[in-house]
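*Asks:* Just the structure for this:
(one chain, ligands or ions: 1)
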Amino acid sequence: MSYVDEVLERVKAQNANEPEFLQAVDEVLNTIRPVVEENEEKFKRDALLERITEPERQIKFRVPWVDDKGQVQVNVGYRVQFNSAIGPYKGGIRLHPSVNIGIIKFLGFEQIFKNSLTGLPIGGGKGGSNFDPKGKSDREIMAFCQSFMTELCKHIGADTDVPAGDIGTGAREIGYMFGQYKRIRNLYEGVLTGKGLSYGGSLARTEATGYGLLYFTNEMLKANNIDIAGKTIAVSGAGNVAIYAIQKAQQLGAKVVTCSDSTGWIYDPEGIDVELLREVKEVKRARLTEYAAARSSAQYHEKKNGEHGVWTVKVDIALPCATQNELDLEDAKALVANGVIAVAEGANMPTTLEATKYFQDNKVLFAPGKASNAGGVATSALEMSQNSERLSWTFEEVDAKLQGIMANIFKNVDAASKKYATERDYVSGANIAGFLKVVDAMQAQGIV
Ligand code: NDP
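*Replies:* Next up, the predicted model:
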């Protein structure tokens, strides 16, 4: 049995109840086979794959807080510090009822390779809680965030582990967490990214993941002689990533005709009105029914079990920007039947393994999230640099750096796919390019 297969069996046996983590490990290990085979003896002796698939540290803690009725609520908090070979742990905090250790481990594992691809000195980590911010008052959100940080602050720091936002954690939550960290640790440092501009945040961080997704997609299309202008795009999600992906796609001359949230989706043949969407989602924190009510060209569809929503619409490009495994084989078949030419992941692992393979088999250009959504974490690393320098760069400076980083990621992914895999296999290219740097640093640092 090959070394990769041995480790895959071991990881499956040891993490049997963590399907998302196994899915992520399965994809990465299977695509890095050519590199492992070149170095099989050495990697095996040094147990490199066993080490890279086992987090350096996992922290699980109780988060008690008092709701508006005076009732004590208890949630579970997690921080997985996965790999610090190339820099302090870096990765977001997810607040969603579906959060469990397997989801945080999958996200932390992916983060290792994504962060490596940015070319910046950041290791991989992720955190979160099964807390549901939906329907909570501001005071309840603050009570939860303060309790969460009261424990988390013992384990993080500007040079140790620097969390950021993710699903359910936006500027408001980061603000409350930063305030509590400062209060307990008596340190004013860049311990979180995604901060507000008045206390150390970076311009363009809010836009970075969505904008970066489009910069990457555009590079991929250009390399394949396709012009994004005039193309029709389906986006899923209506959160941070989706909103700024829609905005940048429109700036590049494309037309985005869909978006979605956890209860329904919109088809707007005139093109999504991004300012209205921001108002509904960022300001009112309301459902997409409010978008439809305010715009006559929009059709609202309630999400029903078994229905495939935004992926049934005829488009040239699909950008899944909501959550993991939201685009399955049936969706991929519908998109291909409708003539889709490119799919780029804004969310983390939104496409199932079967759907990814179907796209690749059908010659659809496919950009994996760890490359195409790396603009968020890259800009978080730029926020860390500004905090260290105690300086703030202009929007244009940050945006220009982001564009350069995304172009560079595409170049490296493309080169790795040509060298080690099949040309245009950007999944393998991203995993290999990310893996090479981390593994080099791990080998240099001995058995730790
Ligand atoms: P937000 O919380 O801002 O938005 C998430 C969106 O997806 C919302 O519209 C939400 O619906 C919808 N959604 C969330 N969970 C589900 C679910 N289980 N089923 C259906 N819809 C769901 O999160 P972000 O935009 O920040 O993150 C989206 C994705 O992008 C995640 O996979 C995240 O890990 C990834 N990502 C985010 C980065 C960032 O910088 N923010 C960086 C890199 C990756 P509703 O409005 O109803 O809540």
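*Asks:* Gln58 contacts Gly102, correct?
*Replies:* No: counting by Cβ atoms under 8 Å, Gln58 stays clear of Gly102, with 11.3 Å between them. For glycine as for every other residue, the C-beta is placed from the backbone atoms N, C-alpha and C.
*Asks:* Contact partners for the closest residue to the ligand within the chain?
*Replies:* Going by Cβ to the nearest ligand atom, the ligand is nearest to Gly239 of the chain, at 1.7 Å. Counting by Cβ atoms under 8 Å, 6 or more residues apart in numbering, Gly239 touches Ile167, Asp261, Lys281, Cys321, Ala322.
*Asks:* How much space separates it from Val162?
*Replies:* 21 Å (Cβ to Cβ, to the nearest Å).
*Asks:* Write out the residues of the stretch 151-300 of the chain neighbouring the ligand.
*Replies:* Residues of the stretch 151-300 of the chain lying close to the ligand (Cβ under 6 Å from any ligand atom) are 165-168, 209, 237-242, 261-263.
*Asks:* contacting residues for Glu50?
*Replies:* By Cβ under 8 Å, 6+ apart, Glu50 lies in contact with Val7, Arg10.
*Asks:* shaky segments in the stretch 201-350 of the chain?
*Replies:* Judged by pLDDT under 70, the stretch 201-350 of the chain has its weakly predicted residues at 306.
*Asks:* All the helices of it, residue numbers only.
*Replies:* 205-223, 240-251, 274-278, 288-294, 329-337 (DSSP state H, counting those that start in this stretch).
*Asks:* Kindly reformat these as JSON lines containing mean neighbour count.
*Replies:* Formatted as JSON lines, the helices of the stretch 201-350 of the chain follow (neighbours: other Cβ atoms under 10 Å):
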{"stretch": "helix 205-223", "mean neighbour count": "25"}
{"stretch": "helix 240-251", "mean neighbour count": "24"}
{"stretch": "helix 274-278", "mean neighbour count": "17"}
{"stretch": "helix 288-294", "mean neighbour count": "18"}
{"stretch": "helix 329-337", "mean neighbour count": "19"}
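*Asks:* Please tell me how far the nearest residue to Leu214 once chain neighbours are set aside sits from Val235.
*Replies:* Once flanking residues are discounted, Leu214 sits nearest to Lys248: 3.9 Å by Cβ to Cβ, 6 or more residues apart in numbering. Relative to Val235, Lys248 is positioned 11 Å away (Cβ to Cβ).
*Asks:* right, and the residue nearest to Leu214 touches Gly210 too?
*Replies:* Yes: A contact is recorded between Lys248 and Gly210 when judged using Cβ under 8 Å, the distance being 6.0 Å.
*Asks:* helix or strand for Ile59, which one?
*Replies:* strand 57-66 (DSSP states H and E).
*Asks:* what's the helix or strand just after that strand packed up against?
*Replies:* Per DSSP H and E, the first helix or strand lying C-terminal to strand 57-66 is strand 72-83. If contacts are counted by 3 or more Cβ pairs under 8 Å, 6 or more residues apart in numbering; DSSP states H and E, strand 72-83 sits against strand 57-66, strand 89-95, helix 101-117, strand 123-129, helix 138-152, strand 161-164.
*Asks:* Quick check: which of these is nearest to Glu330?
*Replies:* helix 101-117 (22.3 Å; Cβ to Cβ).
*Asks:* quick one, the closest one and strand 57-66 angle?
*Replies:* Helix 101-117 runs at 120 degrees relative to strand 57-66, counting by axes from the mean of the first three to the mean of the last three Cα atoms, to 10 degrees.
*Asks:* any idea of the mean pLDDT for helix 101-117?
*Replies:* Here helix 101-117 scores 98 as its mean pLDDT.
*Asks:* what's the neighbour count on the nearest residue to Pro19 once chain neighbours are set aside?
*Replies:* Nearest residue to Pro19, sequence neighbours excluded (Cβ to Cβ, 6+ apart): Gly102, at 6.7 Å. Per other Cβ atoms under 10 Å, the neighbour tally for Gly102 reads 18.
*Asks:* domains for this protein, by residue range?
*Replies:* Recorded structural domains for the chain (assignment: automatic domain parsing) are 3-192, 207-363.
*Asks:* got those domains as JSON lines, with distance to Asn408 columns?
*Replies:* Below are the domains of the chain laid out as JSON lines (distance: least, Cβ to Cβ, whole Å):
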{"stretch": "domain 3-192", "distance to Asn408": "6"}
{"stretch": "domain 207-363", "distance to Asn408": "9"}
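*Asks:* Return the set of buried residues in the longest helix seen in the chain.
*Replies:* The longest helix of the chain (DSSP state H) is helix 395-420. Buried residues in helix 395-420, counted by 16 or more other Cβ atoms under 10 Å: 398-399, 401-403, 405-406, 409-410, 412-414, 416-417, 420.
*Asks:* Verify the contact between Phe435 and Ile32 for me.
*Replies:* Yes: the pair Phe435 and Ile32 qualifies as a contact (Cβ under 8 Å) at a distance of 5.0 Å.
*Asks:* Not counting its neighbours along the chain, what's nearest Asn431?
*Replies:* Thr31 (4.4 Å).
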